[in-house]
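Trainee: coords please:
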Amino acid sequence: MTEILKGKEQLEKRTLVVGLVGCLASGKTTLSNELGQRWGIMPIEEKYPDNPFLEKFYENPPEYSFRSQMNFLISKVEQLKNIDRNKVSLIDPSLDMDFIYARTHFKMGWMNENEWNLYQNVFFTLSGKEDLASPDMHVIVTADQVDLKKRIIDRGRKYEMWILKNYPEYLERLSESVQEWGSKNGNKSYIFIANTSAGGLTGDVNILANRVESHIRKEFGINGNFVLPEIKPLPIADNYDNYPGMSSESSRLKR
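Mentor: Model (predicted):
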C-alpha cells in the first residue's frame, strides 16, 4: 500500500467530510465500512436499489448509461444536501466519482457527445451549489488490474462478470479516469492515495484505515476549524485478499 497526501492550506470551518473514489473492486466500500465502524457513523452510500436503470445498464450499457448516470447524480446531490453538518461524514463514493464514472462511460462509447455534454452541464451546475457538503479530504483507493479482475471473479457478481467478459477494457479505462482525476485535483483538496493490492504492505484494511487516520490527525488535528472523528483502534480486520470485495451482499447491484 502506498499513499500520497497533497492539500490546500486554508479551509472553511466545518466538520470533517471524507469522500472516497476508486475503481470497481478496488476496496472503497470495505475501507469505508471499516472507518465508519471505527468512527461510529454510517457511511453515506449510493442508493443503488432506487436506480431503475441500473439493472438495465448492466444488460445494455450504451442504451442505459446516460439515464443511469443521471439518476445517480441527482440522487447523490439530494443526499449531500441532507448531510448532518454537526458530525463527521464519510461519502462512498463521493460526487466526484459520479463524474469519473460518466467520463469513463463516454470514453467507452456508452454515452454520445450530446449526452456527455448535457451530463457535464448538469453536473457542474448541481455540484457548484453552496448547500452541498464538499469533501475536505479524498481517499483514492486503487489496486492492480490483476487484483481487480481476481476480486470480481472471486466475489462472483453476475453483472460484473458480464461487464468484464464483454468489455474487458472497462476496468483499465475506469482506473485511468480515477488517476487522471487525482492528478488534476490534487491541488484543490487533501488527497490520500492507497493501493490495496497485496504487492504493498499486506493489503490489510486495518493497516490502511490506520494510515488514513494518521494523516487525518497530522493534517487536520492542528487545525481548530475542524471537528474530527473520534478514533477508536479496532482489532485486526479481514484481509482484502482473504475476502476480496465482500463489503456487501455478493448479489447486490452496485458499481
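
Trainee: element containing the residue lying closest to residue 159 once chain neighbours are set aside, please.
Mentor: Closest residue to residue 159 apart from its sequence neighbours, by C-beta to C-beta, 6 or more residues apart in numbering: residue 58 at 3.9 Å. Glycine gets a C-beta too; all of them are placed from N, C-alpha and C. Here residue 58, judged by DSSP states H and E, is contained in helix 54-59.

Trainee: how about residue 178?
Mentor: helix 170-185.

Trainee: for that helix, which helices and strands make contact with it?
Mentor: strand 17-22, helix 95-108, strand 137-142, helix 145-155, helix 158-166, strand 190-195 (3 or more C-beta pairs under 8 Å, 6 or more residues apart in numbering; DSSP states H and E).

Trainee: so what touches that helix?
Mentor: 21-25, 96, 99-101, 103-104, 107-108, 138, 140, 142, 145, 148-149, 152, 163-164, 191, 193 (C-beta atoms under 8 Å, 6 or more residues apart in numbering).

Trainee: let's see 10 Å
Mentor: The contact list for helix 170-185 (C-beta atoms under 10 Å, 6 or more residues apart in numbering) reads 4, 6, 21-26, 61, 96-97, 99-108, 110, 138, 140-145, 148-149, 152, 160, 163-164, 167, 191, 193, 255.

Trainee: give the buried residues for the following helix or strand past the helix holding residue 58.
Mentor: Next in sequence after helix 54-59, counting helices and strands by DSSP H and E, comes helix 61-81. Residues of helix 61-81 classed as buried by neighbour count (16 or more other C-beta atoms under 10 Å): 61, 64-73, 75-77, 79-80.

Trainee: quick revisit: the helices and strands packed on helix 170-185: which one's closest to residue 31?
Mentor: Taking C-beta to C-beta, strand 137-142 is the member of the helices and strands packed on helix 170-185 nearest to residue 31, at 6.0 Å.

Trainee: within the sheet, what are the partner strands of the closest one, with directions?
Mentor: strand 17-22 (parallel), strand 190-195 (parallel) (DSSP bridges).

Trainee: quick one, it and helix 145-155 angle?
Mentor: Put simply, strand 137-142 runs at 80 degrees to helix 145-155, going by axes from the mean of the first three to the mean of the last three C-alpha atoms, to 10 degrees.

Trainee: residue 53 is in contact with residue 74, isn't it?
Mentor: No. The pair residue 53 / residue 74 is not scored as a contact, 11.8 Å apart, by C-beta atoms under 10 Å.

Trainee: so where's the stretch 101-250 of the chain shaky on pLDDT?
Mentor: 187-189, 198-203, 222-225, 231-250 (pLDDT under 70).

Trainee: for residue 44, give its distance to residue 33.
Mentor: 12 Å (C-beta to C-beta, to the nearest Å).

Trainee: which residues are common contacts for those two?
Mentor: 90, 92.

Trainee: of these two, who's got more company?
Mentor: residue 44 (23 against 20; other C-beta atoms under 10 Å).

Trainee: which residue packs closest to the more buried one, ignoring adjacent ones?
Mentor: residue 91 (4.8 Å).

Trainee: ok, the one you found - contacts?
Mentor: Residue 91 is in contact with 17-21, 32, 43-46, 76, 79-80, 83, 97, 133-135, 138, counting by C-beta under 10 Å, 6+ apart.

Trainee: returning to what we had before: please identify the most buried of the strands paired with strand 137-142.
Mentor: Compared across the strands paired with strand 137-142, strand 17-22 shows the largest average neighbour count, a mean of 26 (mean count of other C-beta atoms under 10 Å).

Trainee: give me the angle between that one and helix 170-185.
Mentor: 140 degrees.

Trainee: average pLDDT across strand 17-22?
Mentor: Mean per-residue pLDDT for strand 17-22: 96.

Trainee: which one of the helices and strands packed on helix 170-185 lies closest to residue 204?
Mentor: For the helices and strands packed on helix 170-185, the distance to residue 204 is smallest for strand 190-195, at 11.5 Å, taking C-beta to C-beta.
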